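> got a sequence here, can you build the structure:
(6 chains)
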There are 4 protein chains.
Amino acid sequence: MPTKPRFRRRKEDRPNEITEAAFVEFSRKGYAATRVTDVCKRAGVSKGLLYLYFKTKEDLFKSVIRNFVVPQVDALKLAIESSPLPAEAFLRGPFLKLMQELVNSRAQTVIRLLIVEGPKHPDLTAYYCDHVIAEGSAVMQKLINKGVANREFVPSALQEFPQLLLGPVLISVVWKSLFERHRALDTDALIAAQLDLVLKAIKPTHAQEVTA
Amino acid sequence: MPTKPRFRRRKEDRPNEITEAAFVEFSRKGYAATRVTDVCKRAGVSKGLLYLYFKTKEDLFKSVIRNFVVPQVDALKLAIESSPLPAEAFLRGPFLKLMQELVNSRAQTVIRLLIVEGPKHPDLTAYYCDHVIAEGSAVMQKLINKGVANREFVPSALQEFPQLLLGPVLISVVWKSLFERHRALDTDALIAAQLDLVLKAIKPTHAQEVTA
Amino acid sequence: MPTKPRFRRRKEDRPNEITEAAFVEFSRKGYAATRVTDVCKRAGVSKGLLYLYFKTKEDLFKSVIRNFVVPQVDALKLAIESSPLPAEAFLRGPFLKLMQELVNSRAQTVIRLLIVEGPKHPDLTAYYCDHVIAEGSAVMQKLINKGVANREFVPSALQEFPQLLLGPVLISVVWKSLFERHRALDTDALIAAQLDLVLKAIKPTHAQEVTA
Amino acid sequence: MPTKPRFRRRKEDRPNEITEAAFVEFSRKGYAATRVTDVCKRAGVSKGLLYLYFKTKEDLFKSVIRNFVVPQVDALKLAIESSPLPAEAFLRGPFLKLMQELVNSRAQTVIRLLIVEGPKHPDLTAYYCDHVIAEGSAVMQKLINKGVANREFVPSALQEFPQLLLGPVLISVVWKSLFERHRALDTDALIAAQLDLVLKAIKPTHAQEVTA
DNA sequence: TATGAATGAGATTTCATTCAT
DNA sequence: TATGAATGAAATCTCATTCAT
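Numbering: from 1, shown residues only, chains lettered A, B, ... in the order given. Below you'll find the predicted structure:
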């Protein structure tokens, strides 16, 4: 068997391979504690090559965030917009599942990294704000509004603050990274509970139905 | 013998002064980016002295967290236990105010620091878990249960997951540190909205009351 | 067989093209701060090709020096030897002009590079010493001596140190690279002044002429 | 005998010790090729300490230049201004000696370093221009003018370009660093020759004296 | 010939921690 | 107690050079 070739020459794949490795390292140790060398080792690449594709460590970090964030939001948008289900059914079905999965996905890492490093990178948070927060909120808002229009829901503050649905997701993510080893939390149940409470609050009561 | 000269600080104050200075520095730059020297400068103390009281930078960090966390929880416990108000009135009154204040208090900093550094310090998160999470949850749970016992509230998942009330607090804290400069968020309204929705969900409806 | 296509450069030109590009880069940033990559870019050539012609960066440097130095000296030699003018007329005419031009020519760059890198490359300075210094001095010496023989000039230390004529050239070169932006210097006048003073010193005075 | 103490605690001397060491290293290898580590080793100091006193390597370099330049110029100024000698006697005596010594002094190194690094550090050359070039020229100019006023000298371009006297000094410095090992040059004689020629040119001739 | 992706040694700089005073 | 000069390990980043293609 031949020795490992020193050169591999795969220009197109390299940036992704490196970003992937960086994601893993960052998610384990956080940005500051991750050494560029470790990323290189994981990617099976020399330091020089990493710096060929990413001007600085910070650059690499931004690339990690951007790479893993956009697909998620797009998936959500697509799911909501293409679904024929009525609002409540959609929320209790695909939407709940998506939120529950978020907690165990890479989103967890990205959220933690953002919380940590965000304040130092205004351009990154601006990007995130526009592409994730704004679009995500808009899409959820549209869904709630559709329900109100349908008479599935009564008007409520949720129309203004659709992100309330994500409160337990954030709690879960933080919990998992901090307390999971000390105390279990059934994040699926937590997220479902919030959805349930909120739906109970915004669904017309019998009295209202009668009145209407 | 004369009294101690006033310009000479009493040594017992030193650790607190240092912790206080460290809090400020950590909250501005985060743990990794804070230099011990800066903490010393702010505290008006030499490096040697700091290392007399705190074995390592990490040690200092833990002290910061512990110092600012316990009083908060104690205040909450006291407020809940000593209040004569019925559950809903308490939630809509003092409790809401307390949650809203949390967002602008030092809690914000502590939460961010914990998220960042927590994973590296299991003992710290264990401590936090026991003293803040567990006690805080217990106290909120007792409050909800009291409301249920009173027939103010119907049974709900909130009894199992009282932390759902804090979802919007966490959202607010994260928002403030990341997105505030790009997009405003009325955190008071957000927190109030969640409380309102949840109360709507767990208060007996007319129908239920009649039935019951 | 058809003629070689014109868009394909003939390989014999490549080394010169590279040396030319290197000259430009070296003269802008100095040897150490010039990256081989930049030379390649300027020459429109890949790194591999550069290293085909020049074993190392140092090698390239030496080639630059040699390439631009020899023609200059040859021009001077030719000018002096083929000129029918008497010594003073030659000095005040073509020689002065040549010196003045030197300051703005590539010689400036070469001199700076030599001063910087020379000490590290004894073989290069040896080459330079033999081909530029020795020959240049000899040629100027011959000129002065001719003037003395003619009775245009009286004997003087200039016969031993003809390089004194170049003092202001060196001053000008250094000045231009260091101080020009802060303080202007009329280098043409400076060089002319030295020539004038020296000629005044070595031309026979009336008294001497009479005596003689 | 005890082991070498790790700490020496000589705050006041350190910057000078380090600058001195840096001077030696820079003068041997030039700025770019000198490693900070080498300077530290020579100074018997850790890298951290060097960076306590000098923010960057460049900073250290500037300090080297400034430290060795000012005393020289001050010495020249003092010598000229306090001397009772007539102009020619001063030039042939103390001034000649000073120029000759310059070649073998640290000035040689400083000049080489300046030529090499100057173009990259406009602030440094500005400083040098003001403190060395301007003041040096002014002081030489005053000397020449005094001689003209005295009728020791006739008016000449030397009044405008006193730096012509330094031409052979520059030649000598460059020669020593580049060609000395290949070909000897009697720099003392070279400098004296220039002075002699120039004086011959600017002293009144017999004819002129008679006429006048 | 010709390319340019890939290497890796080595440079500068930072900062938590120590300890002579 | 109290100081802050001094340490040195370790991190990021650069660039001359190589070699599979």
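> how does chain A divide into domains?
The record, using automatic domain parsing to delimit domains, assigns chain A the ranges A:1-54, A:57-211.
> tabulate the ones you listed (a markdown table), appending mean pLDDT.
Shown next, in a markdown table, are the domains of chain A (pLDDT from 0 to 100):
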| stretch | mean pLDDT |
| --- | --- |
| domain A:1-54 | 84 |
| domain A:57-211 | 89 |
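> max-length helix in chain A?
Taking DSSP state H as the criterion, chain A has its longest helix at helix A:57-82.
> close to chain B, is that one?
No - Helix A:57-82 lies out of reach of chain B by Cβ under 8 Å from any Cβ of the partner chain, never closer than 11.8 Å. (Glycine included, C-beta is placed from N, CA and C.)
> that helix vs DNA strand F: in contact?
Yes - when contact is scored as Cβ under 7 Å from any atom of the strand, part of helix A:57-82 falls within range of DNA strand F: A:57-58.
> can you list the buried residues in that helix?
A:57, A:60-65, A:67-69, A:72-73, A:76, A:80 (16 or more other Cβ atoms under 10 Å in any protein chain shown).
> so is the following helix or strand past it next to chain B?
Going down the chain from helix A:57-82, the next helix or strand is helix A:87-90, by DSSP states H and E. No - with Cβ under 8 Å from any Cβ as the measure, helix A:87-90 is seen stopping short of chain B, the closest distance being 14.2 Å.
> so which of the domains of chain A is the most surrounded?
domain A:57-211 (a mean of 18; mean count of other Cβ atoms under 10 Å in any protein chain shown).
> that domain: how far from the chain's middle?
Domain A:57-211 sits 8 Å away from the centroid of its parent chain (Cα atoms, centre = their mean, to the nearest Å).
> hmm, the host helix or strand of residue A:17 touching DNA strand F?
Taking DSSP H and E as the definition, residue A:17 sits inside helix A:14-33. No - between helix A:14-33 and DNA strand F, judged by Cβ under 7 Å from any atom of the strand, nothing touches; the nearest distance is 7.9 Å.
> hang on, the earlier thing: looking at the domains of chain A, spot the one closest to chain C.
With Cβ to the nearest Cβ as the measure, domain A:1-54 is the member of those nearest chain C (11.2 Å).
> hmm, that closest one touching chain C?
No - Domain A:1-54 does not reach chain C (Cβ under 8 Å from any Cβ); its nearest approach is 11.2 Å.
> is that domain up against chain B anywhere?
Yes - using Cβ under 8 Å from any Cβ, we find that domain A:1-54 touches chain B at A:29-30, A:32-33.
> redo these as CSV? Include distance to residue D:85.
Output for the residues of domain A:1-54 next to chain B, formatted as CSV (distance: Cβ to Cβ, whole Å):
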residue, distance to residue D:85
A:29, 75
A:30, 74
A:32, 68
A:33, 71
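> biggest separation within those, which pair?
Comparing all pairs in those by Cβ to Cβ, the longest separation belongs to A:29 and A:32, at 8.3 Å.
> thinking again about what came up before, hmm, the longest helix of chain A in reach of DNA strand E?
No - applying Cβ under 7 Å from any atom of the strand, one finds helix A:57-82 separated from DNA strand E by no less than 12.9 Å.
> which single residue in chain A comes nearest to DNA strand E?
Closest to DNA strand E within chain A is residue A:48: 1.7 Å, counting by Cβ to the nearest atom of the strand.
> put the alpha carbons of the helix holding residue A:17 into PDB.
Backbone C-alpha positions of helix A:14-33 (Å, rounded to 0.1, in the frame of the first residue of the first chain) are rendered in PDB as follows:
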ATOM      1  CA  ARG A  14     -11.500  22.000   0.600                       C
ATOM      2  CA  PRO A  15     -13.300  25.000   1.900                       C
ATOM      3  CA  ASN A  16     -16.200  22.800   2.800                       C
ATOM      4  CA  GLU A  17     -14.000  20.200   4.400                       C
ATOM      5  CA  ILE A  18     -12.300  22.800   6.500                       C
ATOM      6  CA  THR A  19     -15.600  24.500   7.500                       C
ATOM      7  CA  GLU A  20     -16.900  21.200   8.500                       C
ATOM      8  CA  ALA A  21     -13.900  20.500  10.700                       C
ATOM      9  CA  ALA A  22     -14.100  24.000  12.100                       C
ATOM     10  CA  PHE A  23     -17.700  23.500  13.000                       C
ATOM     11  CA  VAL A  24     -16.900  20.400  15.000                       C
ATOM     12  CA  GLU A  25     -14.000  22.100  16.800                       C
ATOM     13  CA  PHE A  26     -15.800  25.300  17.500                       C
ATOM     14  CA  SER A  27     -18.800  23.500  18.800                       C
ATOM     15  CA  ARG A  28     -16.600  21.500  21.200                       C
ATOM     16  CA  LYS A  29     -14.500  24.200  22.700                       C
ATOM     17  CA  GLY A  30     -15.900  27.500  21.600                       C
ATOM     18  CA  TYR A  31     -14.200  30.000  19.300                       C
ATOM     19  CA  ALA A  32     -11.400  31.300  21.600                       C
ATOM     20  CA  ALA A  33     -10.300  27.900  22.800                       C
END
